[in-house]
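> Kindly return the folded structure for what I paste below:
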Amino acid sequence: MSDKNPTIGLEPWLREILRCPATGAELVDGVGPDGQPELHSTDPENPLAYPVRDGIPVLLADEARSLR
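Residues are numbered from 1 along each chain as shown. Here you go, the predicted structure:
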């Protein structure tokens, strides 16, 4: 993982099946305000960001933050 562009090293097959638990939308790599990697929901009406801790996505609605 690079400090300049943190990414999540998920296998492609896993990436295809992971979805936002709140909306069912696809998740894409993102970077949080603190520079840490996140997964961002692509839902146009309720975009959410999920933290990644120690390389593990935390896909809990209570842990998500709004991207609006």
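> for the protein, which spans come out with low pLDDT?
1-7 (pLDDT under 70).
> can you give me the strands for it?
With DSSP state E, the ranges of strands along the chain come out as 27-31, 37-41, 48-53, 56-57, 65-66.
> Of all those, which one is nearest Leu18?
strand 27-31 (5.2 Å; C-beta to C-beta). (Glycine included, C-beta is placed from N, CA and C.)
> How about the contacts made by Gly24?
Going by C-beta atoms under 8 Å, 6 or more residues apart in numbering, Gly24 touches Asp43.
> give me that answer again for 10 Å
Neighbouring residues of Gly24 by C-beta atoms under 10 Å, 6 or more residues apart in numbering: 41, 43.
> and the most centrally placed residue in the chain, what are its bridge partners?
The centroid of the chain falls nearest to Leu39 when counting by C-alpha atoms, centre = their mean (0.9 Å). Taking DSSP bridges, one obtains Asp29, Tyr50 as the residues bridged to Leu39.
> So it is in contact with Arg53, correct?
No. Leu39 is not in contact with Arg53 according to C-beta atoms under 10 Å; the separation is 11.5 Å.
> Determine the number of other residues adjacent to the residue lying closest to Thr23 once chain neighbours are set aside.
Leaving aside its chain neighbours, Thr23 sits nearest to Asp43 (4.1 Å; criterion: C-beta to C-beta, 6 or more residues apart in numbering). Residues near Asp43, counting by other C-beta atoms under 10 Å, number 17.
> Over to Arg19?
Under the neighbour criterion other C-beta under 10 Å, Arg19 is assigned a count of 15.
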